[in-house]
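# model this:
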Amino acid sequence: MSTLSIRLPESLHKRLKEMAQKDGVSMNQFITLAVSEKVSSLMTADYLEERAKKGNRKTFEELLKKVPDAEPEDYDRL
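Down below sits the predicted model:
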């Protein structure tokens with residue numbers, strides 16, 4: 001495991017401490033989770049971008065033609 005020292009503005013440090021206490025975890029755990037979520041988000045975006053490059057517009061449109069033209073159920077409306 002690595003150690004990282006960071007400088008935070010007092011206001012952010014105070015908010016971090018409050019939120020970690022509210023969440024019932026240490027500030028270290030809170031920061032670790034926040035960084036993990038950000039890394040995961042960026043990795044997901046990269047993954048989806050790579051997958052999109054492999055897509056084929058013609059195949060996509062052919063598949064869309066197979067979807068029935070029907071109104072969504074009430075529970076599935078926005």
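
# from Leu48, how far out is the spatially most central residue of the chain?
A centroid search over the chain (C-alpha atoms, centre = their mean) returns Ser41, at 3.9 Å, as the residue closest to the centre. Ser41 sits at a distance of 11 Å from Leu48 (criterion: C-beta to C-beta, to the nearest Å). The C-beta positions use only the backbone N, C-alpha and C, and glycine is treated the same way.

# before we move on, what about Asp23?
For Asp23, the distance to Leu48 - C-beta to C-beta - is 29 Å.

# quick one: average confidence on stretch 54-63?
For stretch 54-63, the mean pLDDT works out to 94.

# just the C-alphas of that stretch, formatted as CSV.
Presented in CSV, the C-alpha positions along stretch 54-63 are these (Å, rounded to 0.1, in the frame of the first residue of the first chain):
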residue,chain,number,x,y,z
LYS,A,54,-15.8,-1.5,-33.0
GLY,A,55,-19.5,-0.8,-33.8
ASN,A,56,-21.0,-1.0,-37.3
ARG,A,57,-23.7,1.6,-38.1
LYS,A,58,-25.3,-0.7,-40.8
THR,A,59,-25.6,-3.6,-38.4
PHE,A,60,-27.0,-1.3,-35.8
GLU,A,61,-29.7,0.0,-38.1
GLU,A,62,-30.6,-3.5,-39.3
LEU,A,63,-31.1,-4.6,-35.6
